[in-house]
Every structure is written in C-alpha cells, then in structure tokens.
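Undergrad: build me a structure from this.
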Amino acid sequence: MPTALEKARQAPDSMKARILSAARKLFGEYGFHGVTTRMIAKEVGIDISTLHYHWGEKQELYEAVLTDLSDEIRGKLVEIEALVHGKPLDVRLEVAIDVMCDHLFSNPESANLMLFSYFSKNRLTSDIDIRLTRHLSNIAVAMGLAVDKSQVPPQANARVLAVWNSVINFAAGESFFRPLLRVDPQTYIDVVKETLKFILIPAFTQKG
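TA: Sure, this is the predicted structure:
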C-alpha cells in the first residue's frame, strides 16, 4: 500500500500534496517546534480534522517533509554525477557547486529545513540522519576522497561537510548576507558561486 508521501507525489494537486507543500514552507520558516498543525491547516485553507485525516500527527508530516527533501537532494546528486562522470575533480566541483546553488536558491526552504534539522537545540532524531551519512559517503567516493563508501575516513566526510555547509549557509542566510554585499538576488548567487569555487576548488585539487 502506498504511503501518504507516495500518494502526494503521485497526485501533485491532491489535498495530501497541498498539505505537504504548506508544511514544507512553514517548517522551513519556523522549524518543527515553531509550527503547529493549526498553522499548516490555515495555510492550506482547511480545518484541522482534514489535515489529521490526510497526514496524522505533526511528527508524521514532518518526517514526510524531511524524507521528501532527502530524496530530492539525492536526485540532485545523481544528476550531478551523470553530468560529471569521468571528468577531472575541478570540473566535478564546479558543476556540483553550480547545480546545488541553483537548486537551493530556487527552493529556499530546503536550506532552512536542513539547518533546522541538523542544528536545532531541540532537534528530533530522524531518518534524514541515516540518509545524510549515505550522501556523505557517496560524495566522498565521487570526489576521490575515499575508495570504498563503506570505509570513508572522518577527514573525508569532514571535507564533504565543509562544501555542503558552505552552500547551505549561503542559501539559508541570503536575507542576512545579501544586504551586507549590497547586491541584487542574481548577483548574490553569482558571487556565492564564484567565491565557493575560488576557495574550494584549489583546496581539493592541490597536491599532497
């Protein structure tokens, strides 16, 4: 039997999908503890009983949002790998930075959701923790930092996290960082990409 998330994906205009979209927006803005099911129901324009009928409790809906986000990010990583397969590491990094920046800046709640999920003082243990570990291992191998994704040294994962967190923080912090740079939204994205490439590509491609 399909899960509620699978049903929402199969029918993008359905009530389940509308609730999921509203929840993703609100969780991305306020975090798990700052959102109530009543807020989500109001955003969709439904009563609270309808929300519970389609999704159950808030925790279930939150887990669905994080699973959907994790699968979305995994899809982007697969897309990047298809674009850069067999290319030198500097090209792989350049393409990865471009694709992930474009995606996160087009979906600003995604970066916020990840930050809330990772760093909230009252964070909830989630399936996304396991998924993130898998993502890190796959990226580390793809970048040549490890040979086997089942045996990735902590230094390799830390280097992947350095890239990952740089992109996420620039995306999630745009409302704070962009005014400091005094640029328009598109220029901000261009500057972020150029800066990340300037710092990260030499760091990963230097000898020794």
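Undergrad: host element of the spatially closest residue to Ala172 that is not a sequence neighbour?
TA: Of all residues not flanking Ala172 in the chain, Ala111 sits nearest, at 3.9 Å (C-beta to C-beta, 6 or more residues apart in numbering). Every residue, glycine included, has its C-beta placed from N, CA and C. Using DSSP states H and E, Ala111 sits in helix 108-119.
Undergrad: helices or strands up against that helix?
TA: Under the contact criterion of 3 or more C-beta pairs under 8 Å, 6 or more residues apart in numbering; DSSP states H and E, helix 108-119 touches helix 15-30, helix 58-84, helix 89-106, helix 154-172.
Undergrad: now that helix: mean pLDDT?
TA: Per-region confidence: helix 108-119 scores 82 on mean pLDDT.
Undergrad: what about the protein, any weak spots by pLDDT?
TA: Scanning the chain for pLDDT under 70 picks out 119-133, 207-208.
Undergrad: at 80 instead, please
TA: Along the chain, segments meeting pLDDT under 80 span 117-150, 206-208.
Undergrad: before we move on, the earlier item: check contacts around the residue nearest to Ala172.
TA: By C-beta atoms under 8 Å, 6 or more residues apart in numbering, the contact list for Ala111 reads Leu104, Val167, Ile168, Asn169, Ala171, Ala172.
Undergrad: Arg18 now?
TA: Listed by C-beta under 8 Å, 6+ apart, the contact set of Arg18 reads Val44.
Undergrad: ok, it to Ala172 distance?
TA: According to C-beta to C-beta, to the nearest Å, Arg18 stands 25 Å off from Ala172.
Undergrad: and which of the contacts of Ala111 is nearest Gly144?
TA: Nearest to Gly144 among the contacts of Ala111: Val167, at 19.3 Å, using C-beta to C-beta.
Undergrad: neighbours of Arg74, how many?
TA: Residues contacting Arg74 under the criterion other C-beta atoms under 10 Å number 14.
Undergrad: gap between the residue nearest to Ala156 when sequence neighbours are not counted and Gln151?
TA: In space, and not counting its chain neighbours, Ala156 is closest to Leu145: 3.8 Å by C-beta to C-beta, 6+ apart. Note on Leu145: its distance to Gln151, by C-beta to C-beta, is 12 Å.
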